[in-house]
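# Below: sequence and its predicted model.
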Amino acid sequence: MFTVALTGGIGSGKTTVAEEFAQRGIAVIDADVISHQLTAIDGAAFPMIKAAFGAQIFNSNGELNRATLRQQIFNDERARSQLESILHPLIFAEMQMQLTRVRSAYAMLVIPLLFETYQQAIADHILVVDIPEALQIERVQLRSGLSLNMIQQIMARQVSRETRLAGAMTVIDNSGELAALAEQITRLHAYYCGLAGKEKR
Ligand code: ATP
């Protein structure tokens, strides 16, 4: 199965791009979605997180308080790598399992922190969705209530735009209108079908 890893900075348009590929019949496997499922109350990572982080990161209904956990790992390198060592093998295993079920010409793996977590080897191809930093901030502000300071802190923790572009095999420019994005994706879809050795459907 030919696989494409889709990555990009916060608010760059990963979800929007993935949706466009899904509309063209391509299976999309999203690391964030899997992570969310794994950390749900019946998820495989839940007991491990409980053991590692203790009761203070859970709500009274027993569910994980994601905001508290996010806050706890934000400035604590050790806690972050502990969480990653719990989640990453499970996310990887789940992605592999889901890949065995894929029937589309190729599969798209959405991995927001591909470069930050050195997972470049996970897929055959790396697709980066790119926008200038100022636009990243603008779109995240429009979408969420995050403060400018918070957005800048998150961006500072992610690899730089240059590093991401240097690691890309293909780049999607998402600085324009959605119609311009769709046009690029139509072209890319044909290209990936070719790389996968499959006829475009
Ligand atoms: P995150 O890293 O936070 O998960 P993301 O990379 O998945 O974000 P999206 O959620 O796809 O990014 O896009 C961020 C915001 O920008 C959304 O509100 C989306 O609707 C908007 N957006 C995406 N592409 C465009 C575009 N070409 N023009 C205008 N708005 C856009």
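That came through fine.

# What segments of the protein are strands?
Counting by DSSP state E, the chain has strands at residues 3-7, 27-30, 107-110, 125-130, 170-173.

# closest to the ligand out of those strands?
When those are ranked by proximity to the ligand, the top entry is strand 125-130, at 6.7 Å, counting by CB to the nearest ligand atom. Using the backbone N, CA and C atoms, a C-beta is placed for each residue, glycine as well.

# list the helices and strands that closest one packs on?
Applying 3 or more CB pairs under 8 Å, 6 or more residues apart in numbering; DSSP states H and E, we find strand 125-130 packed against strand 3-7, helix 14-23, helix 161-167, strand 170-173, helix 178-195.

# That one vs the ligand: in contact?
No: for strand 125-130, no contact with the ligand is found by CB under 6 Å from any ligand atom; the gap never falls below 6.7 Å.

# And the average pLDDT for that strand is what?
Here strand 125-130 scores 98 as its mean pLDDT.

# quick one: contacts of that strand?
2-8, 12-14, 17, 108, 114, 120, 161, 164-165, 167-175, 188, 192, 195 (CB atoms under 8 Å, 6 or more residues apart in numbering).

# among these, which are in reach of the ligand?
8, 12-14, 174.

# residues in this structure within reach of the ligand, list them.
Counting by CB under 6 Å from any ligand atom, the chain sits next to the ligand at 8, 10-16, 112, 139, 143, 174, 177-178, 181.

# rewinding a little: got a quick PyMOL command for the buried subset of the contacts of strand 125-130?
In PyMOL syntax, the buried subset of the contacts of strand 125-130 is picked out as below (16 or more other CB atoms under 10 Å):
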select buried, resi 2+3+4+5+6+7+8+12+13+14+17+108+114+161+164+168+170+172+174+188+192
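
# Where does pLDDT dip in this structure?
When residues are selected by pLDDT under 70, those of the chain lie in 199-201.

# How is this protein divided into domains?
Using automatic domain parsing, the domains assigned to the chain come out as 1-26+106-201, 39-103.

# Stretch 112-125: end-to-end distance?
By CA to CA, to the nearest Å, the extent of stretch 112-125 from end to end equals 15 Å.

# residues of it that come out buried?
In stretch 112-125, counting by 16+ other CB under 10 Å, buried: 112-115, 119, 122-125.

# Ok, stretch 65-81 next?
For stretch 65-81, by 16+ other CB under 10 Å, it's 69, 72-73.

# what comes into contact with it?
Residues outside stretch 65-81 that contact it (CB under 8 Å, 6+ apart): 39, 49, 53, 56-59, 83, 153.

# That concludes my questions; thank you for your assistance.
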